[in-house]
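Chemist: 3D model of this:
(one chain, ligands or ions: 2)
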Amino acid sequence: HRHAQFSVTGAGSARRPVVAERQAHGTSTAGPAALGPGTTAPPAAQQPVWPDQAALRAVTGELATLPGLVLVEECVRLSERLAAVARGEAVLLQGGDCAETFDGVSEEHVRGTFGTLDEMGALISAGAALPVVRLGRMAGQYAKPRSSPVEVRGGETLPAYRGDLANGLAFTPESRTPDPRRLRRGYQVSATTLNLLRALAARRGAEFWTSHEALLLDYERALTRTTASGVYDLSAHLVWIGERTRQPDGAHLDFVAGIRNPVAVKLGPGATADDALAIVDRLDPDRTPGRLTFISRMGADAVRDTLPDLVSKVQASGARVVWVCDPMHGNTFVAPSGHKTRDLDRIMDEVRGFFEVHAALGTHPGGIHAELTGEHVTECLGGTRPVAPEDLPTRYETACDPRLNRCQSLDLARELADLYAR
Ligand code: PEP
Ligand code: MN
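Modeler: Ligands and ions are numbered 1, 2, ... in the order given. Predicted coordinates for the structure are as follows:
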């Protein structure tokens, strides 16, 4: 039984080029209204139900007239960098907040995450003797899939928080009602964040790339453009599809199959080799190194058992994907204090398991995907300046999942440097 908060319609693949072209000229937006009679759209999981469809059309129509946030040639260059990772000639470092928030964008916060990724990258690069591709989970990470469509607090039931792009974190009916004007604000806040990131990267002459989960298809479609080089989603350099929206016949895979950005897909412990092979055939039919990244998030207990079959069969298919380890999402638990947390020991254990699997198969451990911040939050446990369970309330500030703080991030980077140096 579908909950009312979910919508199951989206633009069909057959119409995508038309929709993208119209969007480029600002005359139309994607969505159910763009479908002709008799067209069947693949179902889209995890979408907010916008109460005001006219307001949604107005906002997506406006977004479709605005410049993309990134350039096509930048996306092409990231694809080249990821091809090097796929060949074993570079390492991918992807990280940032679980959920960025509109109010959380400040110079301090952006500098903190950028600087942490920069320091981690330097450590990993030294250990691996390879260049590190720095990819922020930044400048657009505003939409969250949820395991439950509702949240119950003190007997009151409200829609779950789906990220600032959809609704507000405050537990009130007004805040939790999806508001399409948030899509416009998300574009603006992404642009502000990107402006800082570009300035920080230029100071050092370094490359830096942006990514987020392509979850809210109304937003992603509105920023998709048909260009001389093909169809690109210009909301970020790379977008990924999460564990909850990677259904083979779903709208999210259909959407990323139609764009030429480098794309990634998360694979959890339930993913089979057949699932992975179907995704390869769908998203990387030409077997282009750098086109597809798999982000495995198996959990420390499962990674050694579940990952080998996937990696060996994908390798045998002729695809040269980038394999990245997300050691965060399979290792989450609730502490006695009620805080959602993760233990750095378990995180490190999953990373070691990921390296063991690739060492046994002779494949390249392509890199890491982590939820982290440059600030000294107390959201994850452990580390060389340890956070104990009783410390969790001190600075628990995440809008969604618990992040590594700066010290814990550097601990993780030192471990990675050691593993690559072996
Ligand atoms: C996330 O990256 O925050 C997330 C929800 O991950 P997953 O899709 O792997 O559960
Ligand atoms: Mn998360």
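Chemist: what about V351, distance to V265?
Modeler: According to C-beta to C-beta, to the nearest Å, V351 and V265 sit 20 Å apart. The way it works is simple: take the backbone N, C-alpha and C, and place the C-beta from them, glycine included.
Chemist: Sorry, wrong one. I was asking about A41.
Modeler: 21 Å.
Chemist: where does N331 land in three-state SS?
Modeler: Assigned by DSSP: H, G, I helix; E, B strand; the rest coil, the conformation of N331 is coil.
Chemist: Test my guess that it contacts E350.
Modeler: Yes. The criterion here is C-beta atoms under 8 Å, and N331 meets it with E350 at 6.2 Å.
Chemist: any common contacting residues for those two?
Modeler: Common contact partners of N331 and E350 (C-beta atoms under 8 Å, 6 or more residues apart in numbering): 299-300.
Chemist: Which one of A41 and V265 is surrounded by more residues?
Modeler: Using other C-beta atoms under 10 Å as the criterion, A41 and V265 rank with V265 on top: 25 against 19.
Chemist: Report the secondary structure element holding E356.
Modeler: helix 344-361 (DSSP states H and E).
Chemist: List the contacts of that helix.
Modeler: Contacts to helix 344-361, defined as C-beta under 8 Å, 6+ apart, come from residues 296, 298-300, 303-304, 307-308, 311-312, 315, 323, 325, 327-328, 330-331, 364-365, 368, 380-383, 404, 408, 411-412, 415-416, 419.
Chemist: Restricted to buried residues, select those in PyMOL.
Modeler: In PyMOL, a selection of the buried entries from those looks like this (16 or more other C-beta atoms under 10 Å):
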select buried, resi 296+298+299+300+303+304+307+308+311+312+323+325+327+328+330+331+364+365+368+380+381+382+383+404+408+411+412+415+416+419
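Chemist: Please enumerate the helices of the stretch 101-250 of the chain.
Modeler: Ranges of helices within the stretch 101-250 of the chain are 107-128, 173-176, 181-204, 217-222, based on DSSP state H, counting those that start in this stretch.
Chemist: List, one by one, the residues from the stretch 101-250 of the chain near ligand 1.
Modeler: By C-beta under 6 Å from any ligand atom, the residues of the stretch 101-250 of the chain that approach ligand 1 are 145, 242-244.
Chemist: Farthest-apart pair in these, please.
Modeler: P145 and E243 (7.9 Å; C-beta to C-beta).
Chemist: what's the distance between the closest residue in space to Y219 that isn't next to it in sequence and V189?
Modeler: Spatial nearest neighbour of Y219, excluding adjacent residues (C-beta to C-beta, 6 or more residues apart in numbering): L183 at 5.0 Å. Noted for L183: a distance of 11 Å to V189, by C-beta to C-beta.
Chemist: L419 now?
Modeler: To V189, L419 is 36 Å away according to C-beta to C-beta.
Chemist: got a list of what E207 touches?
Modeler: By C-beta under 8 Å, 6+ apart, the contact list for E207 reads 77, 81, 133-134, 201.
Chemist: Over to L69?
Modeler: Contact analysis of L69 by C-beta under 8 Å, 6+ apart lists 139-140, 187, 190-191, 194, 210, 223, 234-236.
Chemist: Going by neighbour count, which of those residues are buried?
Modeler: 139-140, 187, 190, 194, 210, 223, 234-236.
Chemist: want to throw these into CSV with pLDDT and distance to ligand 2?
Modeler: Putting those into CSV (pLDDT from 0 to 100; distance: C-beta to the ion, whole Å) gives the following:
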residue, pLDDT, distance to ligand 2
A139, 98, 17
G140, 98, 15
Y187, 98, 22
S190, 98, 18
L194, 98, 21
T210, 99, 17
L223, 98, 22
L234, 98, 24
S235, 99, 19
A236, 99, 17
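Chemist: Mind putting those residues into a markdown table with distance to T65?
Modeler: Output for the buried ones among the contacts of L69, formatted as a markdown table (distance: C-beta to C-beta, whole Å):
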| residue | distance to T65 |
| --- | --- |
| A139 | 20 |
| G140 | 19 |
| Y187 | 11 |
| S190 | 16 |
| L194 | 19 |
| T210 | 22 |
| L223 | 11 |
| L234 | 13 |
| S235 | 15 |
| A236 | 19 |
